[in-house]
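A.B. asks: let's see this in three dimensions:
(chains A, B, C and D)
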There are 4 protein chains.
Amino acid sequence: MSGFEPVDPNFESRVRASFAKQSAMASLGIVIDGIGPGWVDLGFAVPPGFTQQAGFVHAGVVAAALDSACGYAAYTLAAAETDVVTSEYKINLLRPAVGKAFIARGWVVKPGKTLTVSQGELTAGEGGPALAIMTGTIVHLPSATG
Amino acid sequence: MSGFEPVDPNFESRVRASFAKQSAMASLGIVIDGIGPGWVDLGFAVPPGFTQQAGFVHAGVVAAALDSACGYAAYTLAAAETDVVTSEYKINLLRPAVGKAFIARGWVVKPGKTLTVSQGELTAGEGGPALAIMTGTIVHLPSATG
Amino acid sequence: MSGFEPVDPNFESRVRASFAKQSAMASLGIVIDGIGPGWVDLGFAVPPGFTQQAGFVHAGVVAAALDSACGYAAYTLAAAETDVVTSEYKINLLRPAVGKAFIARGWVVKPGKTLTVSQGELTAGEGGPALAIMTGTIVHLPSATG
Amino acid sequence: MSGFEPVDPNFESRVRASFAKQSAMASLGIVIDGIGPGWVDLGFAVPPGFTQQAGFVHAGVVAAALDSACGYAAYTLAAAETDVVTSEYKINLLRPAVGKAFIARGWVVKPGKTLTVSQGELTAGEGGPALAIMTGTIVHLPSATG
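C.D. replies: Residues are numbered from 1 along each chain as shown, chains lettered A, B, ... in the order given. Have a look, this model is predicted:
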């Protein structure tokens, strides 16, 4: 999760500005817990109204958090005036998402100018077992708004 | 999407009862549009508060709808007094989810007593191009509440 | 599996020339059974020396055949003077690969200039059940040798 | 890659006996480099006749090696008189498989009696960058031959 040199020195403010535009993150109470070159930590509690049959966090919330963590991890290494979009991911729901607060960590496995491969892991706290893991492909595009 | 014989003749009411317990589906305005042996259609409009940067439906909503469609498709072929849980899936986000109303269709590719493999497809209306596709593995368990 | 317009009218000879350079295909006895815009059929029998514990075709052969079918399906729609390389795929091994002869069919789901998404299916003969399915992402590159 | 207690104290000889029955491993020159509870290292050189267009190791060989490494990693934690079979995997081909000798390492992420999730990584030598990564689902079955 280290050793990467960011192309854009303002990567953190760029990531935070993009994240702030995602209403889904606000609606689910997902916030940025940490950012560095090639990684992002997102944090959230159980969002009211988003449980599954047994009362645990719905897998859709887990997937949305991990997808965002993987995508923004890739975005930390992107050039200025570019966007990222997730092309595909695989998620494994390893254990029920039992807990009060969760960390969705995303990190870059293989950076690229066109494609970046990221992985992510959900835990209910630093050092706990992986509740879910993700591997995703993120596409870099010229900024639509830049 | 046909040719399957349901083990449980009451599969439809069982699926509908389980679906009704998922607060996330209600929170996102996702409803059951159709059910048959081995398939489920879910419908939804753009849920307020769940757009991404460009104003389209957030990928997390697409994933949640397709995951539910794949899981409930498997559940239509399950025995009474059992539950299903998604073990893993891969999603490809093929095109921006532009549209007013969406259909997430899930169908069983390979049924099983322990594992079922389902696939899903998101369209903005019957006959339109696939906006996203999913392949998932669903695990069958004895009912926790039965 | 239809409706695609090839960019390069000589796509078939380009695909066949590239396929002929893959020694692995010859070593496994995998041949081209059919080509069209956006799809490729590969055929093979059980290659001597490539069985698993129970005597069935090894999953590695199934994966190699489906990967090639998906990749060359994408290559049929590519421009002249370009190459393709598989970025990632997911395979589901649905049933034991029992049979004497197999067809690995690959078709394009979403074409693109940079990325193409293909799917594939292995059967032991037209109309038989799917023994394995694949979804893959193929990257288009300028030709290294062109 | 550690902390797992093997259920079967004879796991290593059981793994080696099963591996020896896979003719595909012998045909590709893939051998066991190391085994422990929850992990397996497989080693191989470029197999003659299994290169792709550019002369590198064919992706099918990479997939076969990683699939075996993931499956046998799961098998180290299985009970005696059981078999394993791969249900599905996702592979990301991150970099061209350039090198003379390769290590395909597989390790268990989440063990289970019915399903085990393993991950794998291909390198051209300890400490080198990941050339390919895999996440797979392995199913445990009663032994067909036991």
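A.B. asks: I'd like the next helix or strand past the lengthiest helix in chain A.
C.D. replies: Scanning chain A for the helix with the most residues, using DSSP state H, yields helix A:59-76. Under the assignment DSSP states H and E, the closest C-terminal helix or strand after helix A:59-76 is strand A:82-93.
A.B. asks: so that next one versus helix A:59-76, what angle?
C.D. replies: Interaxial angle, strand A:82-93 versus helix A:59-76 (axes from the mean of the first three to the mean of the last three C-alpha atoms, to 10 degrees): 140 degrees.
A.B. asks: can you tell if strand A:82-93 touches chain C?
C.D. replies: Yes - for strand A:82-93 and chain C, the contact criterion (C-beta under 8 Å from any C-beta of the partner chain) is met by A:87-88, A:90. Heads up, the C-betas are built off the backbone N, CA and C, glycines and all.
A.B. asks: which elements pack onto the next helix or strand after that strand?
C.D. replies: As assigned by DSSP H and E, the chain's next helix or strand after strand A:82-93 is strand A:101-110. With contacts taken as 3 or more C-beta pairs under 8 Å, 6 or more residues apart in numbering or on different chains; DSSP states H and E, strand A:101-110 sits against strand A:39-45, helix A:59-76, strand A:115-123.
A.B. asks: quick one: strands adjacent to strand A:101-110?
C.D. replies: strand A:39-45 (antiparallel), strand A:115-123 (antiparallel) (DSSP bridges).
A.B. asks: how about the nearest residue to the most centrally placed residue in chain A, chain neighbours excluded?
C.D. replies: Nearest residue to the geometric centre of chain A (C-alpha atoms, centre = their mean): A:A69, 0.8 Å. Nearest residue to A:A69, sequence neighbours excluded (C-beta to C-beta, 6 or more residues apart in numbering or on different chains): A:G106, at 3.1 Å.
A.B. asks: report how many residues lie close to the closest residue to A:V61 other than its chain neighbours.
C.D. replies: Among residues not flanking A:V61 along the chain, A:F50 sits closest, at 5.1 Å (C-beta to C-beta, 6+ apart). By other C-beta atoms under 10 Å in any protein chain shown, 24 other residues sit near A:F50.
A.B. asks: list the contacts of A:F50.
C.D. replies: Taking C-beta atoms under 8 Å, 6 or more residues apart in numbering or on different chains as the contact definition, A:F50 lies against A:28, A:57-58, A:60-61, B:23-24, B:27.
A.B. asks: near chain D, which residues of chain A?
C.D. replies: Counting by C-beta under 8 Å from any C-beta, chain A comes close to chain D at A:90, A:92, A:94-95, A:109-110, A:117, A:119, A:130, A:133, A:135, A:137.
A.B. asks: determine which two of these are furthest apart.
C.D. replies: Across these, the longest distance by C-beta to C-beta is 27.0 Å; it joins A:R95 and A:K110.
A.B. asks: who has more neighbours out of those two?
C.D. replies: Taking neighbours as other C-beta under 10 Å, A:R95 and A:K110 compare with A:K110 leading, 20 against 14.
A.B. asks: contacting residues for that one?
C.D. replies: Contact analysis of A:K110 by C-beta under 8 Å, 6+ apart lists A:116-117, D:92, D:94-95, D:130.
A.B. asks: and which of those is nearest to A:T82?
C.D. replies: Ranked by distance to A:T82 (C-beta to C-beta), the contacts of A:K110 are led by A:T116 at 11.1 Å.
A.B. asks: thinking again about what came up before, wait, the residue nearest to the centre of chain A sits on A:F102?
C.D. replies: No - with contact defined as C-beta atoms under 8 Å, A:A69 does not count as touching A:F102 (10.9 Å).
A.B. asks: just to revisit the earlier point, export the contacts of A:F50 as a markdown table, with columns for distance to A:A45, pLDDT and neighbour count.
C.D. replies: Shown next, in a markdown table, are these (distance: C-beta to C-beta, whole Å; pLDDT from 0 to 100; neighbours: other C-beta atoms under 10 Å in any protein chain shown):
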| residue | distance to A:A45 | pLDDT | neighbour count |
| --- | --- | --- | --- |
| A:L28 | 10 | 94 | 27 |
| A:V57 | 9 | 90 | 26 |
| A:H58 | 13 | 88 | 26 |
| A:G60 | 16 | 92 | 26 |
| A:V61 | 10 | 93 | 27 |
| B:S23 | 15 | 88 | 17 |
| B:A24 | 15 | 90 | 20 |
| B:S27 | 15 | 92 | 21 |
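A.B. asks: worst-scoring helix or strand of chain A, pLDDT-wise?
C.D. replies: One helix or strand of chain A scores below all others by mean pLDDT, DSSP states H and E: helix A:23-28, with a mean of 92.
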